[in-house]
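Participant: Sequence and predicted structure are below.
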Amino acid sequence: MLDTRLALAELFHAPDPSCIAFAANATMALNTVLNGVLHPGDHVITTVCEHNSVLRPLYRLRAQGVEVSFTGVDAAAQLCYDQWKTLLRPTTLALVVTGASNVTGNGIDLARAADFAHRHGLLLIVDAAQTAGAQPIDVQQLGIDALCFTGHKALLGPQGTGGAYVRPGLQIAPLLVGGSGVHSFDEMHPLQMPTALEAGTLNVHGLAGLCAGVRWLLEQGVENLAARENALARLFYEQVRTAPGVTVYGDMTMQPRAPIVALNIAQEDSARVADILWEDYGICVRAGAHCAPLMHKALGTAEQGVVRFSFSHFNTEQEVQQAAQAVCALAREILCE
C-alpha cells in the first residue's frame, strides 16, 4: 500500500505519502472529511454543480445544525464566483467545490477558489472524482486542504478504491474507528495520518490495481492524456452542436474542463435516446440526472435529464466520428416523428 500512497502523493504533488488516506470511493472520503470538520453552528459555502456525494452529507449536517449556502451558475452553466463574497458569514468554515461538473464538464477555477478561501481563512475541500487523473492537480501550489478522489474513473483503478489527501496539520475527526494495527491498547483510535482515517482492513488488492493505474498515468503524463481527451470531446462537439434539434449544455470553450459533452435531442426523454444509441448504434452513454439534482434544476433539465458522452484517451477519432454521426442521424429521426 505504501507504493500506492507514494504514487498518489507524486500525482497530486503532496508533501508526504502519509497525507493520503484510503477509502472505498470518493463518496466515503467526502463523508469522512465533511463530517470530520463541520459542526453545528458552522457555515459552509458550496455550489449547485455538486454531486450527491457532497450534497447529501451536507444536507444531513444541515439537519444537525450546520448552515449551507449554494453558489449558482450562469446561462452557460459556469459558476458565479462573485456570489461567494455575498454568501460569506462570520461562521463560514469551508468552501466545498467539485473539480468539474459531472453533468456539463465545466471546470471550477481551483486557483480562484483557493485564493478566496485563503483570504477569508476558510478550508478548501475539493471533490476530485471527475478530475483526479484527468487534470494536473498540485495540492500544495493551490493550497487545497482536502482533496477527495475515487480510483475507478480517470485514475484507472478498480471499483472500491479511492481516498483523500489531507493537508499536514489539518485534524479530521474519523468517521469510523476500530482496528488500526497500531496502538492496540489505546481506547481511542490513533490520530496520526493516515491511520486516523483508515479503521479496519483496507482493500489491499484493489489498491494494488490503483497503484498500477496511477503509475501508468505518471508515465504517460496527465497533461498529454488530458489534451487528447479534450481534443476528442471538442471534435464530437463541433459535429453535433449545429445539428437540428440538438442542445448542448455547458461551455466547451472554457478551460479546464472534464472531457464531457452533455446534450438533448428536442424534447425527447434522455433515457430513450440512450437506449436507441445502445441498441441501434452500439454506443454506451449515461442518461438521466447523474446524481446532480441542483445542476439539472439550474439547466432546466430536471424532468428530461441529459445524455452524457464521456471521452477517454483510449477512444479513437473514428469512434468519435461514429458517435457524432449517430447523434445527427437520431436527431433527424426524432424530428420527423
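Facilitator: Received the coordinates, thanks.
Participant: buried residues in stretch 170-190?
Facilitator: For stretch 170-190, burial by neighbour count (16 or more other Cβ atoms under 10 Å) applies to I172, A173, P174, L175, S180, H189, P190. Bear in mind the C-beta positions are built from the backbone N, C-alpha and C, glycine included.
Participant: Contacts for that stretch next, please.
Facilitator: 28, 31-33, 35-37, 123, 145-146, 166, 191, 195-201 (Cβ atoms under 8 Å, 6 or more residues apart in numbering).
Participant: So what would you say the end-to-end distance of it is?
Facilitator: Stretch 170-190 has an end-to-end distance of 15 Å (criterion: Cα to Cα, to the nearest Å).
Participant: can you give me how far that stretch is from the chain middle?
Facilitator: 28 Å (Cα atoms, centre = their mean, to the nearest Å).
Participant: how far is stretch 61-76 from where the chain is centred?
Facilitator: In terms of Cα atoms, centre = their mean, the centre of stretch 61-76 is found 17 Å from the chain centre.
Participant: what's the first-to-last distance across it?
Facilitator: Stretch 61-76 end-to-end distance (Cα to Cα) = 30 Å.
Participant: mind listing what's buried in it?
Facilitator: Under the neighbour-count rule (16+ other Cβ under 10 Å), stretch 61-76 has L61, V66, E67, V68, S69, F70, T71, V73 buried.
Participant: Now that stretch: average pLDDT?
Facilitator: Confidence for stretch 61-76, expressed as mean pLDDT, is 97.
Participant: quick one: contacts of it?
Facilitator: So stretch 61-76 is contacted by 34-35, 38-49, 58-59, 79-81, 83-84, 87, 89, 91, 106, 250-251, 294-295, 298 (Cβ under 8 Å, 6+ apart).
Participant: So which of those are in strands?
Facilitator: Using DSSP state E, H43, V44, I45, T46, T47 are the members of those that sit in strands.
Participant: is it possible to export those residues to JSON lines including pLDDT?
Facilitator: Listed next are the ones in strands among the contacts of stretch 61-76 as JSON lines, based on pLDDT from 0 to 100:
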{"residue": "H43", "pLDDT": "98"}
{"residue": "V44", "pLDDT": "98"}
{"residue": "I45", "pLDDT": "98"}
{"residue": "T46", "pLDDT": "98"}
{"residue": "T47", "pLDDT": "98"}
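Participant: Break down the protein into its strands, ranges please.
Facilitator: 20-23, 43-47, 67-71, 92-98, 123-127, 146-150, 162-166, 246-249, 260-265, 286-288, 306-310.
Participant: what's the domain layout of this structure?
Facilitator: Annotated domains of the chain cover 2-220, 222-336 [automatic domain parsing].
Participant: Of the contacts of stretch 61-76, grab the buried ones for PyMOL.
Facilitator: A single PyMOL command selects the buried members of the contacts of stretch 61-76 (16+ other Cβ under 10 Å):
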select buried, resi 34+35+38+42+43+44+45+46+47+48+49+58+79+83+84+87+106+250+251+294+295+298
